[in-house]
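S.K.: Next input, structure requested:
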Amino acid sequence: MLYDKARINVQAGGGGNGCMSFRREAHVPKGGPDGGDGGHGGHVVLLCDDSYRDLQSFKRKAHYKADRGRHGEGALRHGADGDELVVRVPPGTQVTVEETGDTHDLVIPGTRITVARGGSGGKGNKKFAGSTRQAPRFAEKGLAGQEFWLDLRLKLLADVGLVGLPNAGKSSLLSVMTRAAPKVANYPFTTLEPILGTLDGDDRQLVLADIPGLIEGAAGGAGLGHDFLAHVERTRLLVHVLDLAPLDGSDPETNFETIERELADYDERLSRLPRILALSKADLVSPEEAEITAELWRERFAAALPAREEWEEAPDVTPVLITSSATKLGLDELAAELLRRVPKVEEPVVAPGLEDEELEEHRTFRPRPARGRAGRDFQVEQVEEGLWRVEGESVDRLIARHDMENLDALAHVERRLHRMGVIRALEAHGFEPGDDVEIGGVVFELDPS
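M.R.: Predicted coordinates for the structure are as follows:
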C-alpha cells in the first residue's frame, strides 16, 4: 500500500538556561560573576532522501523532538548546543506548516528544509556585569524551540501519467512498456494505488505512473480517483488511455469527455498539459475500424488546436495512436513519442555567491510576527481598570527569559521595557503608577519611573 499522506508534530529543542555563579576559588578575594551561557536548542530539519519511497514510516511515529541545549555552568562554562534532528522524507514530498500556511516542495535529493528552529540559550550573569552593575544576581532562561504540525503529501515524481477510466488498459500498457508489474485483471479498479514504471531510451529514462482509474465525480471525491489525482500534478505529459471496445458498451467519446472534465475540475493546469491519446485494445476490433476511429480523433484534436498553443513542442500535432498491449501494436511508436515530447530537466542553477549556510537560510520557514501600529512589534490594550496587557513577540521573549520573582531580574526587565518604548506607549494610553501589566501571561506591577 502506498502511504502518500501524513501529519506529524515537530518540536525544536529549547535553549539552555544561563548560569548565575560567582567565583569561589581559594585566595581570590571578591570574586566576580562567572556564569556561563546556555546552549542553543537543536533545529528540526527535513531532508529529501532518495532511498525513501513513501510516507509509511510516519504512520508509526508522529512526534519528533530535537535535543535541547545544555545549561550554562560556573567558571564561564557554556552549555553545548543541542543536536539537530533530521527527518527524512522521499522526493516529491510537499510540506505544509499548519500554523503559518507555509509550503515547500522537497523534490531534489539532498535538499534540507529547517521547519522548526531551536530556542536560543540564555545568557549567564557574567554577560550582565558592568561598571554600574558589578554583581548581577540573575541570568536569562533559554527560550523554547518552535513547535509546528506539518501536513506531508507525497506527489509522485513521474514524467508521464497514464489516465483513463477503470479497465481502460493502463496497467497492461505499463507492464508491457516498462518493467513494472501491476495487477492486471478483467474487472474495474484492479489498480488501487499509483504504479511506477521506467521507460528506457537510448540516452535517458522516463518514469511512467499508472494512476488508478477515474470515474465521473472523481474531482469531487467519488471513487478512488480523488485520492490519486494529486500524483499527476507533477507530470509533464499525460497519456489518455481510451478503450476502443469497452466491455460495458459505453461510448468512447463520452468516456473521453468524463476523464478530461475531471482533470480540469481538479486542477485547471492539468487540462493544459500536453496529451497523447492512446486508443487501447485494438486487437479486439478490426484494423479498419481502429484506423477510422483514430482518424476521427485526429480531426477532432486538429479543430481544438487554438486552445493548445502553449504546448512547448510540436503544438500543431496531437498524437493519436492505435495500441494493443496483447500484440504490442503501436507501443514502440508510443515510446518514441514520449521520449521525444517530454523535455529534459535542466540541472538546478545555484545563485552565485550563496554558500550552503545561506542557502539553508533561504529555505527556512520563518513565521513573521504581526506588526503593531507605529511600526512597533507590540500592542497595548487595557483589559480592565488597573490592568494592562502588552502583546508582541519581542516583549514575550523578554519575559520568557527572566524569573520575574527575582528582584534584580525584574529591575533589568523594567529597564529593557523603557528602552523598547513600552513604558511610553502605556503612559500614552493612560497607564498610571500602581497599575498591573500582563506580558506573556505574567502579571506584575510596573514602576514607570
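
S.K.: Residue 80 belongs to a strand, doesn't it?
M.R.: No. Under the criterion used here (DSSP: H, G, I helix; E, B strand; the rest coil), residue 80 is coil, not part of a strand.

S.K.: hang on, it packs against residue 39?
M.R.: Yes. Taking CB atoms under 8 Å as the definition, residue 80 is a contact partner of residue 39 at 4.8 Å. C-beta: built from backbone N, CA, C; applies to glycine.

S.K.: Neighbour count for the two, which is higher?
M.R.: A direct count of neighbours by other CB atoms under 10 Å for residue 80 and residue 39 places residue 39 higher, at 26 against 15.

S.K.: how about low-confidence regions in the stretch 151-300 of the chain?
M.R.: 179-194, 213-230 (pLDDT under 70).

S.K.: can you pull out the helices in it?
M.R.: Along the stretch 151-300 of the chain, counting by DSSP state H, counting those that start in this stretch, helices occupy 170-177, 225-228, 252-266, 268-271, 287-303.

S.K.: I'd like the ones you listed as CSV, with mean neighbour count and distance to residue 124 appended.
M.R.: Output for the helices of the stretch 151-300 of the chain, formatted as CSV (neighbours: other CB atoms under 10 Å; distance: least, CB to CB, whole Å):
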stretch, mean neighbour count, distance to residue 124
helix 170-177, 24, 64
helix 225-228, 21, 54
helix 252-266, 17, 57
helix 268-271, 14, 55
helix 287-303, 14, 74
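
S.K.: Give the residues shared as contacts by residue 80 and residue 39.
M.R.: Counting by CB atoms under 8 Å, 6 or more residues apart in numbering, the common neighbours of residue 80 and residue 39 are 69, 70.

S.K.: Let me have the helices of the stretch 151-300 of the chain in a markdown table, extended by distance to residue 235.
M.R.: Formatted as a markdown table, the helices of the stretch 151-300 of the chain follow (distance: least, CB to CB, whole Å):
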| stretch | distance to residue 235 |
| --- | --- |
| helix 170-177 | 13 |
| helix 225-228 | 12 |
| helix 252-266 | 11 |
| helix 268-271 | 9 |
| helix 287-303 | 19 |
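
S.K.: And these: which comes nearest residue 14?
M.R.: The closest of these to residue 14 is helix 225-228. By CB to CB, the value is 38.3 Å.

S.K.: Name the residue closest to the centre of this structure, please.
M.R.: The residue lying closest to the centre of the chain (CA atoms, centre = their mean) is residue 95, at 1.5 Å.

S.K.: isn't there a strand covering it?
M.R.: Yes. Counting by three-state DSSP, residue 95 is found in a strand.

S.K.: wait, it sits on residue 151?
M.R.: Yes. With contact defined as CB under 8 Å, residue 95 and residue 151 form a contacting pair (7.5 Å).
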